[in-house]
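Q: Give me coordinates for this.
(2 chains)
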Amino acid sequence: MTTCRIEELSQHVDQEVTLRGWLYNKRGSKNVQFLMLRDGSGICQCVAGKKDVDEATFESCQKLTQETSLSITGRVNADARSVGGHEIHITGVEVLQTSEDYPITPKEHSTGFLMGHRHLWLRSKKQHATIRIRSRIVKAIRDFFDHRQFILVDAPIFTPAACEGTTTLFEVDYFDDKAYLTQSGQLYMEAAAMAHGKVYCFGPTFRAEKSKTRRHLTEFWMVEPEVAFADLNEVMDLGEALVHSIVTAILSDCQAELEALERDLAPLEAITPPFPRISYDEAVQILHSKGIEFEWGGDFGAPDETAISEHFAKPVLIHRFPAQIKAFYMKEDPEDPRLALGYDMIAPEGVGEVIGGGQRAESLSFLQKKIAEHHLPEEAFDWYLDLRRYGSVPHAGFGLGLERTVAWMCGTPHVRETIPFPRLLDRIRP
RNA sequence: UCCCCGAUAGCUCAGCGGUAGAGCAGCUGGCUGUUAACCAGCUUGUCCUAGGUUCGAAUCCUAGUCGGGGAGCCA
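A: Numbers count the residues shown, from 1 in each chain, chains lettered A, B, ... in the order given. Sure thing, here's the model as predicted:
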């Protein structure tokens, strides 16, 4: 007897196989039962005709409840009437554990209810598709950097100080001292880039922001490349190429998942390089041309980002922001010291910022001045300033938010569905 | 931190001053192939909590709790 997964059924037509999984749904009449079995790799219709199986088997099929775990043995039949093109003509059914009163029925539920049952909601079709796409995106990201000779360097989760500010950090006890959960691996990647040239880290980051929006999590994943000797233009090229390689991978490998999510493919197929690149000044002009009030020097809010992105069919890169609204480590524009050599990539369809990055300041005295201006404790950045004392070179990098990228690819409006167990302002369970 | 909206059956909701309803789920029966199958019947409530108004409150008022959406900030 061959045990196989539903995704492999096409290789076993007319053979008898055993499938192991959970009952997704059931339909039936007096003489025939249709069991929808899911096993993680797909969903398969298993048919039990009253004349084709013994009485005990038919009766046990009639009694099966949603999400009961079971193994089903039968002959694989190619049948266009069945979803997926194959079905099983049952010869035997073995129940592993009977599921009673499964909370998530094949009908409508509120988001709050589903979030409370996240551990079970993961089994539902769209959630299953979303997590598979997330997995494929992670692989696409790793492949992208690995194929370009980047070295994976893991950044610490416990950190002694803030990267950008202290109000958004989670504080934890660290023996007799305090530590914070990392909000970015960037500073560590700058150190690693001076050792390996091209590096990236990929892991969870934490922000204690009291944000309650569809784009925010308190724990989210970020991939952060950092490249020695690179300038702003090179990391804009890198971000563009990364996003393009992610889209290409998803479109070629995740067709079934995109279909389960009812994703409109046209906006994804439109994501081809080159992406438009505009300066902050040009972005402000676009806002003004649309009649939106905006004062030069401020940062774009979510509605501003959407208005700018609606101007283009592709992701748009906005570069050279006013230095005053950007982090202390940004290099200033030699042609206009009011500006910083940073950039954001704004995704279309209201997704918003998926990449933030730019060229880092390599001058020791400039950084010391900036740390003072931002009222940051210089002693906390002593090790970081060493990177400017011992062979400082121009370098640049960025961070790409994984959950926003998954939401973008999936067409999912809220990032909480793009991570298996989301951590939000007021939700830490399950 | 601020601004909106909501809380009624296991789930999704209707009822909005006269004492509790529908669909789905569950249970029983029917149906030769169904595609969130369908048809008939049955069961299920501290109407979020605490005060108040009223002859009478799920319904009106106040406070609180929880949930949803949005803003700021950011990936």
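
Q: okay, CA-based contacts and neighbour counts for the rest of this
A: Noted.

Q: Which parts of the stretch 1-150 of chain A are helices?
A: A:55-63, A:111-116, A:118-121, A:125-147 (DSSP state H, counting those that start in this stretch).

Q: Reformat these as TSV; add mean pLDDT.
A: Formatted as TSV, the helices of the stretch 1-150 of chain A follow (pLDDT from 0 to 100):
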stretch	mean pLDDT
helix A:55-63	85
helix A:111-116	85
helix A:118-121	90
helix A:125-147	95
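
Q: quick one: which of those is nearest RNA strand B?
A: helix A:111-116 (4.1 Å; CA to the nearest atom of the strand).

Q: Show the average pLDDT along stretch A:376-387.
A: For stretch A:376-387, the mean pLDDT works out to 88.

Q: List the buried residues for it?
A: Neighbour-count burial for stretch A:376-387, with 16 or more other CA atoms under 10 Å as criterion, is recorded at A:L376, A:F381, A:Y384, A:L385, A:L387.

Q: which among those residues gets closest to RNA strand B?
A: A:L376 (15.1 Å).

Q: what residue ranges in chain A score low on pLDDT?
A: In the predicted model, chain A carries pLDDT under 70 at residues A:161-167.

Q: Would you mind splitting it into its domains for me?
A: With domains defined by automatic domain parsing, chain A comprises A:2-97, A:118-417.

Q: close to RNA strand B, is stretch A:310-318?
A: No. Counting by CA under 7 Å from any atom of the strand, RNA strand B has no neighbours in stretch A:310-318; the shortest distance is 11.5 Å.

Q: Pull the distance from that stretch to the chain's centre.
A: Relative to the chain's own centre, stretch A:310-318 is displaced by 20 Å; criterion: CA atoms, centre = their mean, to the nearest Å.

Q: Tell me which stretches of the stretch 251-400 of chain A form helices.
A: Using DSSP H, counting those that start in this stretch, helices in the stretch 251-400 of chain A cover A:255-260, A:266-269, A:280-289, A:302-309, A:364-373, A:382-389.

Q: Adding distance to RNA strand B, write those helices out as CSV.
A: Formatted as CSV, those follow (distance: least, CA to the nearest atom of the strand, whole Å):
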stretch, distance to RNA strand B
helix A:255-260, 12
helix A:266-269, 18
helix A:280-289, 13
helix A:302-309, 5
helix A:364-373, 15
helix A:382-389, 18
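
Q: Pick the most buried one from those helices.
A: helix A:302-309 (a mean of 19; mean count of other CA atoms under 10 Å).

Q: who does that helix touch, helix- and strand-wise?
A: Secondary-structure packing of helix A:302-309 (3 or more CA pairs under 8 Å, 6 or more residues apart in numbering; DSSP states H and E): helix A:280-289, strand A:336-347, strand A:352-360.

Q: what comes up buried for the longest one?
A: Looking back up the chat, that one is strand A:336-347. Quick answer for strand A:336-347 (16+ other CA under 10 Å): A:L339, A:A340, A:L341, A:G342, A:Y343, A:D344, A:M345, A:I346, A:A347.

Q: could I get the residues you listed as JSON lines with distance to RNA strand B?
A: Compiled in JSON lines, these are given as follows (distance: CA to the nearest atom of the strand, whole Å):
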{"residue": "A:L339", "distance to RNA strand B": "15"}
{"residue": "A:A340", "distance to RNA strand B": "14"}
{"residue": "A:L341", "distance to RNA strand B": "14"}
{"residue": "A:G342", "distance to RNA strand B": "10"}
{"residue": "A:Y343", "distance to RNA strand B": "10"}
{"residue": "A:D344", "distance to RNA strand B": "7"}
{"residue": "A:M345", "distance to RNA strand B": "7"}
{"residue": "A:I346", "distance to RNA strand B": "8"}
{"residue": "A:A347", "distance to RNA strand B": "10"}
